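Participant: Take this sequence and fold it.
(chains A, B, C and D)
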There are 4 protein chains.
Amino acid sequence: MAYSMTIEWGDCDSAGMVFYPNYFRWFDSAFQHLLREKNLDQRSLSKRYGIVGTPIADVSARFLCPATFGDAITIDSHISEWMPKLFKVSHVVHRVGQTIAEGHELRFWGISDDTLGTLRAGVIDKEFKTLMAG
Amino acid sequence: MAYSMTIEWGDCDSAGMVFYPNYFRWFDSAFQHLLREKNLDQRSLSKRYGIVGTPIADVSARFLCPATFGDAITIDSHISEWMPKLFKVSHVVHRVGQTIAEGHELRFWGISDDTLGTLRAGVIDKEFKTLMAG
Amino acid sequence: MAYSMTIEWGDCDSAGMVFYPNYFRWFDSAFQHLLREKNLDQRSLSKRYGIVGTPIADVSARFLCPATFGDAITIDSHISEWMPKLFKVSHVVHRVGQTIAEGHELRFWGISDDTLGTLRAGVIDKEFKTLMAG
Amino acid sequence: MAYSMTIEWGDCDSAGMVFYPNYFRWFDSAFQHLLREKNLDQRSLSKRYGIVGTPIADVSARFLCPATFGDAITIDSHISEWMPKLFKVSHVVHRVGQTIAEGHELRFWGISDDTLGTLRAGVIDKEFKTLMAG
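Facilitator: Numbers count the residues shown, from 1 in each chain, chains lettered A, B, ... in the order given. Take a look at the predicted model:
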């Protein structure tokens, strides 16, 4: 799936380049677009599977060249690995002819332990895997 | 260095937990506080050493338990590794008695190549290392 | 109530000044601190009064002089007006010896109409007024 | 000019609705798109006219109904008033068949007074007005 956007003035810092936490905001958006392509979203996941969401276990990014406001970028995202309770989303950020960043989100199937603030990883529903692979 | 703050309502997502890109915003703030402790900041670094800044080469984080608005957190940060052109900043995020996240930023000594959008890593000024170690 | 903070690198835009939407993020935080001073927060408001929250009906700000990263600011906030279903929160942002911004949030007592996306203003609970005035 | 976008998961707060400062982020983006439509941006404004930017003097918004992630919105923006040193940008945010928010940004022609942190309003360049009206 490719999610396209323009980098905005407010996304950049005083050095005129993207303030890097925004890349993770865009990774998250790109993942939500992946879900939406399959007619899913966090709301329907909660309803269908009773999960709190798909929280992040770990995340990383490498930045290959700076980007600035006005740049049109595309994020290519796909689920690159399935584990019983976790799945890995890989992201590559392109600007015409160039890779500017790449990274991953390791997400888990978030089950609430009722008490606020406790959350555990449950076994990912088979149907979800099938839908995402379809 | 320990940087303390309260997680705010606006830092959390619809699941009531921190929207994860905010952790990187806090990592960056914690690094700026590290500089400030030594009477430095991005402005003085630019003036003193002619660099554009200390952009990120790569970054990662692991999230160990969810946090929510109202939580008081402390981020312990230090420069954990020096390379000729890069340095690693390590961050650990605590809430009373608990580690909730940890991560690193690999930053480089950013030299402008004049043309907008090009940036290369230069050799880190010795004085900077001495100041930060002091 | 006075809420104090330091403006961070990531709060500023390419002109080196605060990217203005952040002031509203800080207004919201200052309001949450007002609640916390009275041992309240959005969680306890929901539990006690069955409201969804205190959403904004309208909001404004005037910016008197630019601020940048490293600036220590204080936000003085108070509830300046009570209406049956709405209340007004006034904010003044100071930097040593200077007012740099001021604004207001008009908030309402948010009652859910069950269907997602509909929300109406209810009559503010008397106890809440008393607690906030105390 | 109409600027279209989808509200993202990370734009919403724990009540599942847009965290309101994001509307101002989108107002700013909508203004930058207005510039881009005329082949201008903050970079070219600085180069052509020697200004620091078009900072905000005051800003306001009214929120008419809540919006949530997944909502497709359109922001209609235009310059609604010209003064010698300031101009007003008006924004209306729509979701299919509904106005969900409206507001304005009063921007000034930002001239640097050299010393960091001082900024004054200059007389808006005639050419800029002509370009924006064209």
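
Participant: any idea how far the helix or strand where residue A:23 lies is from the chain center?
Facilitator: Per DSSP states H and E: residue A:23 is located in helix A:21-37. Chain-centre distance of helix A:21-37: 4 Å, with Cα atoms, centre = their mean, to the nearest Å.

Participant: Report the inter-axis angle for the following helix or strand past it versus helix A:21-37.
Facilitator: Proceeding N to C from helix A:21-37, the next assigned helix or strand is helix A:42-49, under DSSP H and E. Counting by axes from the mean of the first three to the mean of the last three Cα atoms, to 10 degrees, helix A:42-49 lies at 50 degrees to helix A:21-37.

Participant: Does chain D have contacts with helix A:42-49?
Facilitator: Yes: using Cβ under 8 Å from any Cβ of the partner chain, helix A:42-49 comes into contact with chain D via A:42-43. In this view, the C-beta of every residue, glycine as well, is placed from N, C-alpha and C.

Participant: can you list the residues that contact that helix?
Facilitator: Here helix A:42-49 makes contact (Cβ atoms under 8 Å, 6 or more residues apart in numbering or on different chains) with A:32, A:35, A:51-54, A:109, A:125, A:127-128, B:14-15, D:9, D:69-70.

Participant: Selecting buried members of the residues you listed in ChimeraX, what would you type?
Facilitator: Filtering the contacts of helix A:42-49 down to the buried ones (16 or more other Cβ atoms under 10 Å in any protein chain shown) takes a single ChimeraX command:
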select /A:32,35,51,52,53,54,109,128 /B:14,15 /D:9,69,70
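
Participant: Just the contacts of helix A:42-49: which are in helices?
Facilitator: A:32, A:35, A:127-128 (DSSP state H).

Participant: Could you list which of those also contact chain D?
Facilitator: When contact is defined as Cβ under 8 Å from any Cβ, the ones in helices among the contacts of helix A:42-49 meet chain D at residue A:32.

Participant: ok, the ones in helices among the contacts of helix A:42-49 vs chain B, which is closest?
Facilitator: Proximity of the ones in helices among the contacts of helix A:42-49 to chain B (Cβ to the nearest Cβ) peaks at residue A:32, which lies at 11.0 Å.

Participant: Let me know the pLDDT of the closest residue to that closest one other than its chain neighbours.
Facilitator: Take residue A:32 and drop its neighbours on the chain: the residue closest to it by Cβ to Cβ, 6 or more residues apart in numbering or on different chains is residue D:9, 5.0 Å away. Here the pLDDT value assigned to residue D:9 is 97.

Participant: Residue D:9 and residue D:60, how far apart?
Facilitator: Between residue D:9 and residue D:60 the computed distance is 27 Å (Cβ to Cβ, to the nearest Å).

Participant: swap in residue A:24?
Facilitator: 31 Å.

Participant: which of those two has more neighbours?
Facilitator: Legend: neighbour count by other Cβ atoms under 10 Å in any protein chain shown for residue A:24 and residue D:60, higher for residue A:24 (26 against 17).

Participant: check contacts around the more buried one.
Facilitator: Contacts of residue A:24 by Cβ under 8 Å, 6+ apart are A:59, A:61, A:103, B:20-21, B:24.

Participant: Return the member of those residues nearest to chain C.
Facilitator: Nearest to chain C, judged by Cβ to the nearest Cβ, of the contacts of residue A:24 is residue B:24 at 9.0 Å.

Participant: my read: residue A:125 touches residue A:131, true?
Facilitator: No: taking contacts as Cβ atoms under 8 Å, residue A:125 lies outside contact range of residue A:131: 9.2 Å.

Participant: Now the helix or strand residue A:101 falls within - C-alpha only, PDB.
Facilitator: Applying DSSP H and E as the criterion places residue A:101 in strand A:98-108. What follows is strand A:98-108, C-alpha atoms only, in PDB (Å, rounded to 0.1, in the frame of the first residue of the first chain):
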ATOM      1  CA  GLN A  98      15.000   8.600  -3.600                       C
ATOM      2  CA  THR A  99      14.500   6.600  -0.400                       C
ATOM      3  CA  ILE A 100      14.500   9.100   2.400                       C
ATOM      4  CA  ALA A 101      13.700   6.900   5.400                       C
ATOM      5  CA  GLU A 102      12.700   3.400   6.300                       C
ATOM      6  CA  GLY A 103      11.600   1.700   9.500                       C
ATOM      7  CA  HIS A 104       9.300  -0.800  11.200                       C
ATOM      8  CA  GLU A 105       6.600  -1.000  13.900                       C
ATOM      9  CA  LEU A 106       6.300  -4.200  15.900                       C
ATOM     10  CA  ARG A 107       2.700  -4.200  17.000                       C
ATOM     11  CA  PHE A 108       0.900  -6.600  19.300                       C
END
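
Participant: what about that strand, distance to the chain center?
Facilitator: The chain centroid and the centroid of strand A:98-108 are separated by 8 Å under Cα atoms, centre = their mean.
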